[in-house]
Every structure is written in structure tokens, then in C-alpha cells.
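# with the input below, show me the fold.
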Amino acid sequence: MKTFNAVLLGLATGVVLTAAATWVVMPKLMITTHESRLGFDETVATLQTAATGKQWLVPKVYDMQASLKKEGYTDMSKLSILSLCQPHYAYNILKSDSDKFVTAVMPCRMGVYETADGKVMISGMNMGLMSKMFGGNIAKVMGGVADEEAQMLSQVVKQ
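Take a look at the predicted model:
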């Protein structure tokens with residue numbers, strides 16, 4: 001009986017430790033962050049050009065710094081969010097009712113922000129990991145998104 005209890009305790013401990021590790025690590029896996037080798041405005045402009053060069057749409061660039069300053073938050077650093085959409089990829093997900101639930105994370109977004117020490121950073125969802133989590137058609141389409149986003153980022157990311 002003692003051996004059985006020890007096994008159960010070990011199993012329970014393993015489950016708890018795995019859950020805790022997942023809780024800590026998962027946010028860092030879901031969002032990727034890269035330092036830009038360019039200044040803030042040039043990073044935003046280069047990402048827009050890279051996207052449109054790949055036939056992506058950039059329907060909106062949110063100037064969060066300006067928006068928050070209007071509301072009285074004057075200490076906000078430079079921060080913009082680019083909405084990105086590649087119509088072919090979007091259509092291939094949205095044509096099926098069973099895949100439309102991912103509209104919650106559409107369109108794709110990239111955040112560009114300046115840190116207190118002057119670094120320009122780019123953040124976005126880890127589409128490669130996301131694609132694997134969904135499987136099926138979504139995995140196939142998001143895999144293509146991940147590849148093209150990596151190509152866009154390669155034009156600005158500090159090596």
C-alpha cells in the first residue's frame with residue numbers, strides 16, 4: 001500500500017509541476033518578440049512595405065501612443081499596431097464554417113514599440129506554433145502565414 005501511495009503522490013506531483021511549467025512557459029511561446037535594427041518609424045514603414053510587397057493588405061495601423069495621449073496618458077512611448085491580411089489565406093480559412101472560429105485572432109497583427117532604453121521591438125503571435133495547435137486546414141493556412149511573416153520580419157529584425 002505504501003508503494004501505491006508513493007506512486008500516486010509522484011504522479012500527482014508530476015502533473016502539478018507540468019501544469020505549472022506550462023502556465024509559466026506558454027505565454028512566452030505564444031508571442032514572439034524581436035528587436036528591430038531600424039528606428040521606430042522606419043520599422044513600421046518597412047513592415048508595411050514588406051507586407052504589401054507580398055500582396056498582403058495593411059488595412060489599419062493603430063497609433064496607440066497618439067490615441068492614449070488624447071486620453072491624457074502623456075507618458076506613453078511610441079507604439080503602433082499593424083493589422084495585416086493576406087486575402088488568399090483569409091479566404092482559405094473563412095470559406096469553411098468549421099474554421100471561422102479563428103476570426104477571434106484575425107486579422108494578423110504586429111506590434112511595434114519603443115522601450116524605455118530606446119530599443120524598437122516587434123511582437124506578434126507565434127503563427128508557427130499556433131498552426132500546429134489547430135491542425136487540419138487551419139494548420140496548413142497558418143503555416144503559410146508564419147512563413148510569410150518570417151520573411152517580412154527578416155527585413156527589420158536585428159541579427
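# give the bridge partners for the residue nearest the centre of the chain, please.
Centroid check for the chain by CA atoms, centre = their mean gives residue 125 as the closest residue, at 1.3 Å. Beta-bridge partners for residue 125, by DSSP bridges, are residue 31.
# in this structure it contacts residue 108, no?
Yes. In terms of CB atoms under 8 Å, residue 125 counts as a neighbour of residue 108; the distance is 7.3 Å. C-beta: built from backbone N, CA, C; applies to glycine.
# any idea how far the closest residue to residue 64 other than its chain neighbours is from residue 61?
Distances taken as CB to CB, 6 or more residues apart in numbering place residue 79 nearest to residue 64, at 4.3 Å, with adjacent residues excluded. Distance, residue 79 to residue 61, by CB to CB, to the nearest Å: 11 Å.
# over to residue 31?
19 Å.
# higher neighbour count, these two?
Comparing residue 31 with residue 61 by other CB atoms under 10 Å, the one with more neighbours is residue 61, at 17 against 13.
# for the closest residue in space to that one that isn't next to it in sequence, give me its contacts.
Setting aside the residues directly before and after it, residue 61 is nearest to residue 82 in space (CB to CB, 6+ apart), at 5.2 Å. Neighbour list for residue 82: 44, 47-48, 51, 58, 60-62, 109-112 [criterion: CB atoms under 8 Å, 6 or more residues apart in numbering].
# kindly report the same for residue 58.
48, 51-52, 82-85.
# for it, helix, strand, or coil?
strand (DSSP: H, G, I helix; E, B strand; the rest coil).
# residue 74 now?
Under three-state DSSP, the three-state class of residue 74 is coil.
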